[in-house]
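Visitor: Below are the sequence and a predicted model for it; my questions follow.
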Amino acid sequence: MARLKRPKTSFICQKCGGASPKWLGRCPECGEWGTIIEEVVSSGLLTSRFSLGEEKPLSLNQIEPRAIARTLTDIKEFDRVSGGGIVQGTTILIGGEPGIGKSTLLLQVCNKLVEKGLKVLYVSAEESVYQTKLRAERLNINHPNLWLVSETNTSIIAAYIEEYKPNLVVVDSIQMVYKPEIPSSPGTLTQVRESATDLVYLCKRKGVCLFLVGHITKEGALAGPKSLEHLVDTVLYFEGDRFQSFRILRAVKNRFGSTNEIGIFEMKEEGLIEVANPSELFISQSPDGHRDGQEIAGTVIVSTLIGSRPFLVEVQGLTSRAYYAVPARRVSGVDFNRTVMVLAVLERRLGLTLGSQDVYVNVVGGVKTDEPAADVAIALAVFSSYKNKPLPKGLVVTGEIGLSGEIRAVNQIETRIQEAMRLGFNKILIPDGNSKHIKTNKIEVMKYSYLSEVIKTLF
């Protein structure tokens, strides 16, 4: 028998989820100001006993393994990031800044799936169906199996899923959806968590794939509780400047695939277009080492891996006289800690006086690479700028630097060399430890064991 009690409220921080018995101007856990809101945390309905579920526990050796069935969207960049296609019953959370292209990408994914005979329900919680229709017309999407509805009530959305029995559901966005029995505004921590939980459990029980669109905070993280990311199977981030045309889709969580893959798109009038040759986007100079007919000091091309894909990216270094007691260190696109370590090696092992220099390191095109194979490129870019001497023409580098100045081997060296050859470069600098794995003579291979040897040869 159930008995009622007065609903219980608590003051919850919308930033970190910390609870407080009374209102405070500043959250005691995360230190943010003005983020604490009073919310109902209990409906007041208590049960007097527990009941067993329908599914019984099984011994591990009683469970038969099943092959994971995937549905390809035929958008190769999206399929690569998602792990090879969409798994039945999976939940995917996709986040990004406003105007970055989340709704456009999902409409294109929906269009590819309805063309395969699947039924899709697109729930637009922020726009009317007519606004969504205008975007679909711009993308040349018009299919009878793509159903649109503008709704924010979780119970009504669940009823639509029960009635229409779609194969795929898109909720754009989860921050606008609410449960009427919870007396909190849409977008609050409790509303987002409870609404997402109900939709995820319903779709998993029905074997329906669910896409949730999430807002991004000013810090670049997904808005709402962190439990939202734990609740879903896959978390995708859309990165890039919305005022530029290129977009990067990155997986930060994937229960059915790798989290190291990225997808490259270009935003055009007809929608997001896959980029077939992404390496060319991140290189502003030609293979002969010139940009607009001039050699540029402080510019190095590095062969790096992002996931399983080889990329050639341009690393730029700049040094200038410091006007303050503490010199500036500004890094974009590479790991800050590794950059500081490389600068220390340049000072100690090669005698550069960088303590009086501001140092800036940047990767062209907005791509991010955190792997150690970019160490040699960072060192050469900074050294080249410091000495104001450009590197030789047509050169690609790769290699990790140790604290004693040695150049350590990197993985998949053949893949890196093939990408350099494909784009017309004729020289590649590699660690000596990788020399035994070289199986081509179509490109000049320069093998070195120490950074000091590289500097003497190139400069």
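Guide: Perfect, thanks for sending it.
Visitor: and Asp432, how many neighbours?
Guide: 17 (other C-beta atoms under 10 Å). Every residue, glycine included, has its C-beta placed from N, CA and C.
Visitor: swap in Gly394?
Guide: By other C-beta under 10 Å, 19 other residues sit near Gly394.
Visitor: And the one 4 residues further on, by the same measure?
Guide: Applying other C-beta under 10 Å, we find 30 residues neighbouring Thr398.
Visitor: wait, isn't it in contact with Val302?
Guide: Yes: assessed by C-beta atoms under 8 Å, Thr398 is found in contact with Val302 at 6.0 Å.
Visitor: Give me the common contacts of those two.
Guide: With contacts taken as C-beta atoms under 8 Å, 6 or more residues apart in numbering, Thr398 and Val302 have 373-374, 376-377 as neighbours in common.
Visitor: Adding distance to Val342 and neighbour count, write those residues out as JSON lines.
Guide: JSON lines is the format used below for those (distance: C-beta to C-beta, whole Å; neighbours: other C-beta atoms under 10 Å):
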{"residue": "Ala373", "distance to Val342": "12", "neighbour count": "25"}
{"residue": "Ala374", "distance to Val342": "9", "neighbour count": "31"}
{"residue": "Val376", "distance to Val342": "9", "neighbour count": "27"}
{"residue": "Ala377", "distance to Val342": "9", "neighbour count": "31"}
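Visitor: need the strands for the stretch 301-450 of the chain, in chain order.
Guide: Listed in chain order, the strands of the stretch 301-450 of the chain (DSSP state E, counting those that start in this stretch) span residues 309-321, 329-332, 357-363, 395-397, 400-401, 407-408, 427-431, 444-448.
Visitor: can you give me the end-to-end distance of stretch 368-383?
Guide: End-to-end distance of stretch 368-383 (C-alpha to C-alpha, to the nearest Å): 21 Å.
Visitor: if we can go back for a sec, redo the strands of the stretch 301-450 of the chain as JSON lines? Include mean pLDDT.
Guide: Formatted as JSON lines, the strands of the stretch 301-450 of the chain follow (pLDDT from 0 to 100):
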{"stretch": "strand 309-321", "mean pLDDT": "93"}
{"stretch": "strand 329-332", "mean pLDDT": "95"}
{"stretch": "strand 357-363", "mean pLDDT": "96"}
{"stretch": "strand 395-397", "mean pLDDT": "95"}
{"stretch": "strand 400-401", "mean pLDDT": "96"}
{"stretch": "strand 407-408", "mean pLDDT": "96"}
{"stretch": "strand 427-431", "mean pLDDT": "94"}
{"stretch": "strand 444-448", "mean pLDDT": "93"}
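Visitor: Just name the most buried of those.
Guide: strand 395-397 (a mean of 25; mean count of other C-beta atoms under 10 Å).
Visitor: Can you name every helix or strand that that one contacts?
Guide: Helices and strands touching strand 395-397, by 3 or more C-beta pairs under 8 Å, 6 or more residues apart in numbering; DSSP states H and E, are strand 299-306, helix 375-387, strand 427-431.
Visitor: Leu212: how many residues sit nearby?
Guide: That count, for Leu212 with other C-beta under 10 Å as the rule, works out to 28.
Visitor: Strand partners (parallel or antiparallel) of the strand or helix carrying Ile12?
Guide: Assigned by DSSP states H and E, Ile12 belongs to strand 8-13. In its sheet, strand 8-13 lies beside strand 19-20 (antiparallel), strand 36-42 (antiparallel), with partners assigned from DSSP bridges.
Visitor: Next, the buried residues of stretch 19-31.
Guide: For stretch 19-31, burial by neighbour count (16 or more other C-beta atoms under 10 Å) applies to Cys27.
Visitor: can you list the domains in this protein?
Guide: Following the assignment in automatic domain parsing, the chain carries domains at 3-45, 69-276, 282-458.
Visitor: got those as TSV, with distance to Glu55 columns?
Guide: As requested, those are exported to TSV (distance: least, C-beta to C-beta, whole Å):
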stretch	distance to Glu55
domain 3-45	24
domain 69-276	11
domain 282-458	36
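Visitor: Out of these, flag the one nearest Pro57.
Guide: Closest approach to Pro57 among these (C-beta to C-beta): domain 69-276, 18.5 Å.
Visitor: quick one: low-confidence parts of the protein?
Guide: When residues are selected by pLDDT under 70, those of the chain lie in 1-7, 40-54, 217-227, 241-244, 284-294.
Visitor: In it, where's the longest helix?
Guide: Longest helix in the chain by number of residues (criterion: DSSP state H): helix 189-206.
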